[in-house]
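S.K.: Here you go, sequence then predicted model.
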Amino acid sequence: PPATSPRLRPRAGEAEPDQMGAVALLDDAVWNIVAAHQGVRPVDGSERDSFVAAFTRASDALACAVELQRMALPAPVRLRIGLHTGEAQPLDDGNYLGPTMNRTACLRDLAHGGQIVLSGTTHDVAADRLPTGVWLMDLGRHRLPDLSRPERVVQVCHPDLRNEFPPLQTPNACAEEPFSAELTSFVGRDAEICEVRRILAHN
């Protein structure tokens with residue numbers, strides 16, 4: 001199921017520790033919005049400063065994320081929201097397991113406070129069912145932990161939201177890549193490769 005994983009912990013400089021009490025006041029409002037978009041809360045899917053919600057449809061997850069960001073939040077709380085679509089293994093205790101959950105959390109950690117980011121997969125599933133006023137902005141490909149290929153990251157924009165942010169908070173030097181990772185190798189094309197290099201060096 002698509003999962004939205006808003007991060008409630010403010011980054012350094014965004015809040016003082018004693019202001020974290022404001023986070024607890026948001027709990028009821030957050031889960032009312034999630035439920036209104038047919039989302040479910042895993043039994044143990046929340047940490048002190050973050051939470052996970054699962055949705056049957058990616059478009060519902062996206063609409064929920066936009067409404068969460070539009071919600072009037074007490075300063076200085078700002079949500080970081082990541083959405084990814086994929087298979088997740090339901091457990092008997094009402095939780096989910098699998099790489100989809102991990103990738104969603106990694107996407108969330110790229111975002112800044114007030115920002116919503118999607119994986120390329122979620123973009124492709126939800127792009128034809130965007131909420132009114134929403135548009136999407138491609139942020140390029142970025143490496144996520146434990147993934148062999150860069151992930152396409154897309155930002156959700158809306159007139160009521162902040163849409164200008166610094167570059168994504170990539171965890172290491174392997175940040176944005178303009179091309180897909182090499183999946184095959186050239187065999188017997190040494191002369192052609194040398195010619196391409198020569199042309200590129202001069203143009």
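M.R.: Nice, I can see it.

S.K.: which stretches of this protein aren't confidently modelled?
M.R.: Under the criterion pLDDT under 70, the flagged ranges of the chain are 1-25, 43-48, 75, 93, 171-187.

S.K.: again, 90 this time
M.R.: Across the chain, the ranges flagged by pLDDT under 90 are 1-31, 40-52, 71-78, 87-103, 105, 142-151, 169-203.

S.K.: Specify the beta-bridge partners of the residue most central in space within the chain.
M.R.: With distances taken as Cα atoms, centre = their mean, the residue of the chain nearest its centroid is G82 (2.5 Å). In this entry, G82 is beta-bridged to V117, by DSSP bridges.

S.K.: Doesn't R141 lie inside a strand?
M.R.: Yes: assessed by DSSP: H, G, I helix; E, B strand; the rest coil, R141 belongs to a strand.

S.K.: Report how many residues lie close to it.
M.R.: 18 (other Cβ atoms under 10 Å). Placement of C-beta: from N, CA and C, glycine included.

S.K.: repeat for Q155
M.R.: For Q155, using other Cβ under 10 Å, the count is 18.

S.K.: Next: V196.
M.R.: 11.

S.K.: What separation is there between it and H202?
M.R.: 11 Å (Cβ to Cβ, to the nearest Å).

S.K.: ok, now E151?
M.R.: 34 Å.

S.K.: okay, the two: which has more neighbours?
M.R.: E151 (19 against 6).

S.K.: That one bridge partners, please.
M.R.: H142.

S.K.: show me the contacts for it.
M.R.: By Cβ atoms under 8 Å, 6 or more residues apart in numbering, the residues touching E151 are 103, 107, 119-120, 141-144.

S.K.: sorry, back to before: go ahead and confirm the residue nearest to the centre of the chain touches Q115.
M.R.: No: using Cβ atoms under 8 Å as the test, G82 is too far from Q115 to be in contact (9.2 Å).

S.K.: picking that back up, who wins on neighbours among the contacts of E151?
M.R.: L107 leads these on contacts (other Cβ under 10 Å) with 28 neighbours.

S.K.: What's the separation between the closest residue to that residue other than its chain neighbours and I199?
M.R.: Leaving out its chain neighbours, the residue that sits closest to L107 by Cβ to Cβ, 6 or more residues apart in numbering is G82, at 3.3 Å. Look at G82 and I199: by Cβ to Cβ, they are 40 Å apart.

S.K.: swap in P76?
M.R.: 52 Å.

S.K.: These two: who's more crowded?
M.R.: P76 (13 against 9).

S.K.: and the more buried one, that's in a strand?
M.R.: No: if the criterion is three-state DSSP, then P76 is coil and not within a strand.

S.K.: ok, it to D160 distance?
M.R.: Taking Cβ to Cβ, one finds P76 at 19 Å from D160.

S.K.: just to revisit the earlier point, quick check: the gap between the residue nearest to the centre of the chain and A53.
M.R.: From G82 to A53 the distance is 12 Å (Cβ to Cβ).
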